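K.L.:
The following block contains a protein sequence and its predicted model.
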Amino acid sequence: MEVIMASDLSVHISGANTVWVLLSAALVMFMTVPALGMFYGGLVKKKNVLNIMMQSFASLGIVSLIWVTFGYSLAFSPGELIPGVLGDFKWAMLSGIGPSDLSPYFISDASGRVPHLAFIIFQCMFAVITPAVISGAMAERMKFSSYVLFITLWTICVYLPITHMMWSTNGIFAKAGLADFAGGTVVEINSGFSALACALALGKRRNLRGGPPHDLTYTLAGAAMLWFGWFGFNAGSSLAADGLAAMAFLNTNMAAAAAAVVWATLDWIIHKKPTILGFATGGVAGLVVITPACGYVSIGGAIGLGVAAGLICYFMVVFVKNRLGYDDSLDAFGVHGIAGLIGIIGTGLLANPLITRGFAMNGGQGISGLLHGNGRLLGVQALAALVTMIVAFVGSTLLLQLVNRILGLRVKEKEEAIGLDATQHNERAYTVIE
Amino acid sequence: MKMIVAIIQPYRLDEVKDALYAIDVHLITVSEVLGHGRQKGVTEFYRGTKETGNLLRKIRIEIGVNEEFVEPTIEAIQKGARTGELGDGKIFVYDLNECVRIRTGERGTQAIG
């Protein structure tokens, strides 16, 4: 997202743009629940399926409330508590923001802008889904109370500063010209490296060999809904119903298609059969990799990034994870962290000025990456990725230590064996005999 | 020949399997069943409504063994399944009249292992 503050009063609210952004906000909400909950839920044992779905729902509840009380303000307010890193409380409780106010954030307002309130709810859904992605690394062993405390602290201490740095008017990387269309840093690298910190802090599940995913049809349905919702996530980030949204939409689909085909093909070659789980996982890796790039690269670039994500994430998830032995249970790091990194760096290489030319980015000149003669962008991308990795990993590690002191992180060994649905929620997902 | 049937806590299955493998018993049949003993089921809440007397999930293990494996098998199941709390389950042992390996037609003690 490009960030431009303008005070041109001749600009109006566009009904078409508003429809698209509000619909996109709903699509991103749908990615968290049920899509991510189902994608993850199918992969766990049936004694833990409610717990993992509840983790996504809990994020929708808790982070939404943080967002309007002060989260949006700290993330996006132009006034700053810490210059370049954290906003102030000017917009706490959305103070002073009315229904007729224009969004201060936009990419191109040639066709008018969206209401400020539409931007706020659209961004709210990004804040909601990010901790839910991390939950994949905590699956089947984390205390629910500790999860709630962790995502509350994490949203405040990690998500808000990173969002401010990358996307807000005065953010340090936004000002430096970062090209992160829909959250390669803010959502993907951030959640992925936080997930790695969680996997390491929690340790392995007690019994890793305990059986295959309990319902892959859930996982497939969840992956399909993620793919569907991601059109809102990426194309909605254009903040207008315009050509750039269409480009982002197209790129999103093609990168996902490429990565899914690559992953299934690798399965076919290496493990002799094309697996459905492999196709779905590849699709998600493709959706992640195109997230920062979707409004900057041509269709060839999108397919190239999808292929790269399919190859590299496959290698990370299938070989490196098992070799190193950390228990990133549902591959939040291997898919989101790694593909997010590829996407951010890939944007620095492949950003094609023909895509963004004419939109109010870089004075209408379009954004160029290294292959189009602009090496500086790659430097900004690499630095932003590095800062996100460090803040996410170190911040999460410290917060997990704090939560561990207060509540402990893991359920008791016996509770883990019985399952988190019964021990954390006193409910069961399925009956055997009515 | 004896048929050993054990009803155990589901979350002890892995320990029981490990204990059985350790004494070279690999041929087992496992099913998911519902029931309860003296602890009389569980109480759960659904939208605040109390559901009492729900049957508990249990695992039923069936193992056909030759005489010399009877005691080691019983010991292994106990070792794996015992937590000392109510609900650890039971082991039943019956005489087994015949055993046929379908693939080869072998019968009796030859067929069982």
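P.N.:
Great, that's in hand.

K.L.:
drop to CA atoms for contacts and neighbour counts, all remaining ones
P.N.:
OK.

K.L.:
Enumerate every residue touching B:Gly89.
P.N.:
Contacts for B:Gly89 were tallied using Cα atoms under 8 Å, 6 or more residues apart in numbering or on different chains; they are B:Ala6, B:Ile7, B:Ile8, B:Gln9, B:Gly37, B:Ala81.

K.L.:
Name the nearest residue to the closest residue to chain B within the stretch 51-200 of chain A, sequence neighbours excluded.
P.N.:
Across the stretch 51-200 of chain A, the shortest distance to chain B (Cα to the nearest Cα) belongs to A:Glu140, at 13.5 Å. Distances taken as Cα to Cα, 6 or more residues apart in numbering or on different chains place A:Asn48 nearest to A:Glu140, at 6.0 Å, with adjacent residues excluded.

K.L.:
got it, and B:Ala6?
P.N.:
Using Cα to Cα, 6+ apart and skipping the chain neighbours, the partner closest in space to B:Ala6 is B:Ile91 (4.2 Å).

K.L.:
how close does the one you found get to A:Ala118?
P.N.:
B:Ile91 sits at a distance of 64 Å from A:Ala118 (criterion: Cα to Cα, to the nearest Å).

K.L.:
Show me which of the two is the more surrounded one.
P.N.:
A direct count of neighbours by other Cα atoms under 10 Å in any protein chain shown for B:Ile91 and A:Ala118 places A:Ala118 higher, at 23 against 15.

K.L.:
Would you mind confirming that the more buried one makes contact with A:Val21?
P.N.:
Yes: the pair A:Ala118 / A:Val21 is scored as a contact, 6.6 Å apart, by Cα atoms under 8 Å.

K.L.:
quick one on the thing from earlier: and the residue nearest to B:Ala6, that's in a strand?
P.N.:
Yes: B:Ile91: assigned to a strand according to DSSP: H, G, I helix; E, B strand; the rest coil.

K.L.:
Do I have it right that it meets B:Ile59?
P.N.:
No: the criterion here is Cα under 8 Å, and B:Ile91 misses it with B:Ile59 at 11.7 Å.

K.L.:
Spell out which residues are contacts of both of those two.
P.N.:
Common neighbours of B:Ile91 and B:Ile59 are listed as B:Ala6, B:Ile7 (criterion: Cα under 8 Å, 6+ apart).

K.L.:
How many residues are close by residue 95?
P.N.:
You didn't pick a chain, so chain A it is. Count around A:Ser95 with other Cα under 10 Å applied: 13.

K.L.:
Switch to chain B, please.
P.N.:
Number of residues near B:Asp95 (other Cα under 10 Å) recorded here: 11.

K.L.:
Ok, A:Thr356 next?
P.N.:
As a burial measure, A:Thr356 scores 25 neighbours (other Cα under 10 Å).

K.L.:
Also A:Gly37?
P.N.:
Residues within reach of A:Gly37, counting by other Cα under 10 Å, total 27.

K.L.:
what separates the helix or strand it falls within from the chain centre, distance-wise?
P.N.:
A:Gly37 belongs to helix A:37-41 when assigned by DSSP states H and E. Relative to its chain's centre, helix A:37-41 lies at 15 Å (Cα atoms, centre = their mean, to the nearest Å).

K.L.:
Next: stretch A:112-127.
P.N.:
Relative to its chain's centre, stretch A:112-127 lies at 16 Å (Cα atoms, centre = their mean).

K.L.:
Quick check: mean pLDDT of stretch A:48-62?
P.N.:
The pLDDT scores in stretch A:48-62 average 98.

K.L.:
buried set for that stretch?
P.N.:
A:48-60, A:62 (16 or more other Cα atoms under 10 Å in any protein chain shown).

K.L.:
so can I have JSON lines of those residues showing distance to A:Ser95 and secondary structure?
P.N.:
Formatted as JSON lines, the buried residues of stretch A:48-62 follow (distance: Cα to Cα, whole Å; DSSP: H, G, I helix; E, B strand; the rest coil):
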{"residue": "A:Asn48", "distance to A:Ser95": "41", "secondary structure": "coil"}
{"residue": "A:Val49", "distance to A:Ser95": "39", "secondary structure": "helix"}
{"residue": "A:Leu50", "distance to A:Ser95": "37", "secondary structure": "helix"}
{"residue": "A:Asn51", "distance to A:Ser95": "36", "secondary structure": "helix"}
{"residue": "A:Ile52", "distance to A:Ser95": "35", "secondary structure": "helix"}
{"residue": "A:Met53", "distance to A:Ser95": "33", "secondary structure": "helix"}
{"residue": "A:Met54", "distance to A:Ser95": "31", "secondary structure": "helix"}
{"residue": "A:Gln55", "distance to A:Ser95": "30", "secondary structure": "helix"}
{"residue": "A:Ser56", "distance to A:Ser95": "28", "secondary structure": "helix"}
{"residue": "A:Phe57", "distance to A:Ser95": "27", "secondary structure": "helix"}
{"residue": "A:Ala58", "distance to A:Ser95": "26", "secondary structure": "helix"}
{"residue": "A:Ser59", "distance to A:Ser95": "24", "secondary structure": "helix"}
{"residue": "A:Leu60", "distance to A:Ser95": "22", "secondary structure": "helix"}
{"residue": "A:Ile62", "distance to A:Ser95": "20", "secondary structure": "helix"}
